[in-house]
Each structure stands twice: as C-alpha cells, then as structure tokens.
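Enquirer: Okay, sequence plus prediction incoming.
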Amino acid sequence: MENRCPFSPSVYPGEALNAPASSLDLYPEARWLLQRAFAEAAARPVLGNASGEIVLLRSADAGAGKTHLLAEAIAQSKSTCHSVVLVFDRGCEPSWTALLRDSLVQLAQQPPAAGEVNPLSASARRLFAELLSDLLSRGQIPTTNPAKARRSLELNGASLLDLRGASPVAAWFRDNAQALFDPLAASLARHIDLDAARSWIEILYRFELHGELPPVADLGETKAKALLRDLGRIVGRYRPLVFVFDHLDALHEAPAAALSASFLFCELARSEIAPLTVVAINDEVLDGTLLPACPSAVADRIREREIRLRGIGRAAALNLIEARLAASQISAATTERFVRELDLKTLCPRPDDAVTPRAALRYAAAGWAAAQQADCSAPGAHPALPHDPSPPTRESLLRIREMLHDVNQRRSGNEAPPSPFPDLPDDAPPTLRDFAAARDACYRDGELLFDPVAIRRALELAGRRSPLLDYTEITDLPHGGRAAAWRSPDGDILFGFEPSGAIDYWKALVDQASSRSKVVAFTPPDGEAFELTALNGSAREHLDVLQLDRCALASIAAADRVASRASNAEEAFALIAPELDSLWRRVTRPLEALES
C-alpha cells in the first residue's frame, strides 16, 4: 500500500477565510441555511440597520465540520460580502480593540478575487471616487467637464485612484492630498462623525499610498468600537461586512471572557457595524460557559437563529473517506482495496448512526496505519519497527526530529550557500521572500527580538501542522503562568516561557515532566542563567535551556510577523518552517547531548 496517509485529523485544516479544497456536501440543509444567511446579509442595507442577525452554528462535539461549512459559505459569497474571521484565544481576549485590529488586517490582506484588489483597497478607492464625484458636483473641484470627470470616476475609479500607480488622477490626488483632506472629510461626514471622517480619510490615504495600517493597541475600547462602526459603514457601502467567530474553545471555563464575547456578538448585531454575525461553537463551550455567563436576554438574542450539525451517517462517512483518497491522488487500486477492507459498520453499526467527520477520518487513519503495518509484515517486505511502549528519551526525541523534518521539508533543487541567512532559491514564493526581508530587517535594525509570544506561536503552528504531534497549552501553573507542549506517543516536550527567576513556575512545570519527556526553556543571548539547584531534584534530568542567538531570534520574529499577517497562517508557516530547521534541531535534541 502507498506510504502517505491521506487522512489528516482535521475535517478542514485551513481557516474559514480560505476556500476548502473540495465542495463535499456533508450537511446539505445546514449548508443551504448558512448560505441563505449570507445572501440575506448581502441584500440588507447597512446604513441605518439596527437589527443585524446572529447565526449560531453549533455542534455537540468538535470535529463536526463547522469550519469547512463556513469556508464554503464565505467562498460562495465572496463577490457580495466581505467576511472577517475572528478567533479568541488565551492571548487575544474578546475586545473591540482586537476586533478592529483583526478586521483591518484581514481586509488589507485577504487575497482579492480575479481582477480586483484587497477589500480595504477596493473600499478606499470606491470611497475616494464617490467623494471626489460629490465635490465635482458641488463645484469644489475646478474642471472643464464635471460630468465627464464624474463618469470616469464612476467607471474607472479603482484604477484611476491607485495611489501607487501612474495615472494622472492618482498623481493629482497625491499632489493635492493635504488640501483635499478637509473637503473629502466634510463630504464623508454626511454618514459618520466629522472628526472620524477626517481620521478615516487619512487612514485610507496612508494605507493606499504606503500600505500602512494605524496602530490600535492604545485607542481604548470606546474609540475602537466607534472606529469599527465607521469601518462597517465605509466598507459596507459597497459590500457588507460579515463577522465570523470560529475556534472559540478558549472561552471554555473562562466566564469573564465568555461574557465579554457574548456582549460583542449582540452589539455587532444591534449596531450599524455588520448585518450578519456568525458564531461557530461546540455545545460544551456554549452550554457550559458562554450561555450561563451572560444575562438571559443576551442568551436569547444569541440563540434566536441556530443551525445545528448533528454528525454524518455511514454513507456520508464513506464519501468523505473516498474524497480524501482522491484528493491525495491515491491510486484507484489502492483506494478500492482500502475501502473494501475498511469496516465502517464498526464505526456506524446502523446506516443512520451519526458520527463526526473527524471521528470518521481518525477511524480511516487508524485503518490506513493497520494496513501499512500488515504490508510491512508481509513476506519479502521490510520489517515493521517494533513497538516499544516506553522508548528511551533519546529515541523519542530523534523520532520527533525526523518527523518534523519530513513534515516541514520544502522541495527545492537549489542548495543554499553556507551563511547566517542563506540565499533563497530563484523560484522562492512571495511569502518566503517576505520572511527573508523581515528577518534581515529584524537582524539589521537592532529591534527587540526576544518575544516569548512569537516563540509560542511558532511552536503552536509547527505542532498543529504535524499529524503525529498534539499541541496543547498548560495553564495550571503558579501566578497564571502559561506553558505549551508537543505530545506524541513517543514522548512529550514541554515549553516554558517565563524568566529564569520564576522559580515556582519552573518547579511546577518540571514536576509535570515524565520519564519520557523534557522541559525546554528559552533565554536571550544575555539572559540570566538558570539556577538548577533552586529547582526540583529532577531539573537536571529534564530541563534544557536554549539560549537563542540573534539569528534565531530574528528568524522567529520574522516568521511570526509574516504568519500573523497572512490570510492563512498555517499555509504561510508551512513555507517558512524549513528556514527554522536549526530551532527544531535544538528543541528536539536529546538531553544527553547537553553534556557533550
């Protein structure tokens, strides 16, 4: 049987903002209901709308296919709506500031449809064209033929007002920008506050001319909410905003964050920001934390319109499995044999018994692994590796290292020359070139590079990309400290992010290390040394302190910067990951190597 396994553990490994690779219809009715909600949002006027919709997309368990369904709906409505997908994790609590920041970034970076520009640029150019047309009609811009100028702006505003382009209109706009700001703002003030109008004219001008987005961290919640409402009105004049909240597991057993999120959902629907808000959530989080945390009126508002995913039956599970085999280009002979030998009656005893798509994929992955083992054990085949339920630490770490190398390997016929930052191949994709430029800038410009959050994100993306690793976060540590882990059948690697002086934190983390795991600490080049004598007696056996040099820190900072700005962080990181090979090697080195 062919070696590669076509069954990743996720129903849909991408983010909802990106179209799925296939249009496999697991839930025909739910799909129709969700797409109808998007279509209704596109037809609903934004200005003056005080009753936007909340659609609750829920399932009993994780892995039901919510993200896949959302991705299809977003892709299908791309020509009529601008969708913004938002995720609240432990590092991003629900807030208007976070919503504004993520909305601006996504609208600025979403891949445009064919023949178009990103949504923020499209909205900016249409707005400038509309406002200039208004000024022409009022006689505030002198021209020999106002009607012809207005007609040109109406038909060709997107190209004429490309401020980084060479059109005469764009050059005129750049030359007269300062004089135009106040009249443009006064025209826009018919729809939003005058001071806000002036701010948005300048924000959109700087973005169009330089690609700059405004810093929002210090705005405060009231100002951020007002700016988000203005953004919804500006963008929604052309295509309405739809807010999609997905991957909300961080709200579980976090009632304060759940309460904040529930008010955000309702306020987005109540205010003039967006005609549709979609909340994708599991019952465990919804019924266990979010609904109990909020007032009954808010709970009722959130549950007004529900779409429930109840799982799939045996026939749909088979369709899903066959689709994955086809997408992985598994040969017809292998597909026929595997499907014939896979006993789906064990998974679904009755044809209508419901299981989650993720359960079906995991069942198929287990069947694939069993078939692989059977093939390896056949006469004349290479013998399968013996299974040791408790392999030594060195073997575990080396196997994880080999696995990471295989997962992150980028095929290239060009070998990079030996240097601190190797040259990229001539055919390197744009994402990788952006990474290389950011890495050079971080290293050259002397920025503050040691960023534990960026390190954690890199470890999370690497762990989630691997089918053999389970990335988890550890929160039961003193003083609210956080840690992370790569867990695998062969052993665990725990990662701590606190300074060396946090003795209680490191004691607690080392206590969680088993005989088949190690704890990794990160320090900057001039970081304080760890006093192992102050920690547990087993600290010397389990603790690996990685002092990251400037090259490593620049690479991590650049990877985080590029991935966080990408429309799909996992896909961007997949291209960057091989450039962090030295980090993976250091993370996975056996503890015995430290003494050599």
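Expert: Done, it's in.
Enquirer: does Leu583 really touch Ala552, like I thought?
Expert: Yes - look at Leu583 against Ala552 with CB atoms under 8 Å: they come within range, at 5.9 Å. (C-beta placed from N, C-alpha, C; glycine too.)
Enquirer: Show the pLDDT at Leu264.
Expert: pLDDT for Leu264: 92.
Enquirer: Next, count neighbours for it.
Expert: By other CB atoms under 10 Å, 22 other residues sit near Leu264.
Enquirer: Give me the distance between the residue nearest to it when sequence neighbours are not counted and Glu221.
Expert: If the residues on either side of it in the chain are set aside, Leu264 comes closest to Pro94, at 5.4 Å by CB to CB, 6 or more residues apart in numbering. Applying CB to CB, to the nearest Å, the value for Pro94 to Glu221 is 11 Å.
Enquirer: Repeat that for Ser515.
Expert: Ser515 is 48 Å from Glu221, by CB to CB.
Enquirer: What of Glu541?
Expert: From Glu541 to Glu221 the distance is 47 Å (CB to CB).
Enquirer: Which one of the two is surrounded by more residues?
Expert: For the pair Glu541 and Glu221, the greater number of neighbours falls to Glu541 (14 against 11), based on other CB under 10 Å.
Enquirer: so what's the residue lying farthest from the centre of the chain scoring on pLDDT?
Expert: Most distant residue from the mean C-alpha position of the chain: Thr144, 50.4 Å away (CA atoms, centre = their mean). We have a pLDDT of 85 for Thr144.
Enquirer: Specify the local secondary structure of it.
Expert: Of the three states, Thr144 takes coil under DSSP: H, G, I helix; E, B strand; the rest coil.
Enquirer: How about Ser121?
Expert: Under three-state DSSP, Ser121 comes out as helix.
Enquirer: ok, and the closest non-adjacent residue to it?
Expert: Glu208 (6.3 Å).
Enquirer: what does Asn319 give?
Expert: Leu24 (6.6 Å).
Enquirer: What is the burial count for the one you found?
Expert: 19.
Enquirer: show me where the stretch 101-250 of the chain has strands.
Expert: 241-245 (DSSP state E, counting those that start in this stretch).
Enquirer: Point out where it drops to low pLDDT.
Expert: 112-115 (pLDDT under 70).
Enquirer: try 90
Expert: 102, 109-118, 138-146, 153-160, 164-167, 190-196, 210-221, 232-240, 247-250 (pLDDT under 90).
Enquirer: What segments of it are helices?
Expert: 119-137, 146-160, 168-175, 177-188, 194-210, 221-236 (DSSP state H, counting those that start in this stretch).
Enquirer: for the stretch 401-550 of the chain, which spans come out with low pLDDT?
Expert: 401-458, 460-482, 487-492, 497-519, 523-550.
Enquirer: ok, 50 please
Expert: The model of the stretch 401-550 of the chain has pLDDT under 50 over residues 407, 409-419, 447-448.
Enquirer: all strands of the stretch 451-596 of the chain, in order?
Expert: Counting by DSSP E, counting those that start in this stretch, the strands of the stretch 451-596 of the chain are 470-474, 483-488, 491-496, 517-523, 543-547.
Enquirer: Now render those strands as JSON lines, adding distance to Ala250 and mean neighbour count.
Expert: JSON lines is the format used below for the strands of the stretch 451-596 of the chain (distance: least, CB to CB, whole Å; neighbours: other CB atoms under 10 Å):
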{"stretch": "strand 470-474", "distance to Ala250": "9", "mean neighbour count": "16"}
{"stretch": "strand 483-488", "distance to Ala250": "14", "mean neighbour count": "21"}
{"stretch": "strand 491-496", "distance to Ala250": "18", "mean neighbour count": "24"}
{"stretch": "strand 517-523", "distance to Ala250": "23", "mean neighbour count": "23"}
{"stretch": "strand 543-547", "distance to Ala250": "27", "mean neighbour count": "18"}
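Enquirer: In a markdown table: the ones you listed, plus distance to Val244.
Expert: Output for these, formatted as a markdown table (distance: least, CB to CB, whole Å):
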| stretch | distance to Val244 |
| --- | --- |
| strand 470-474 | 23 |
| strand 483-488 | 26 |
| strand 491-496 | 30 |
| strand 517-523 | 34 |
| strand 543-547 | 37 |
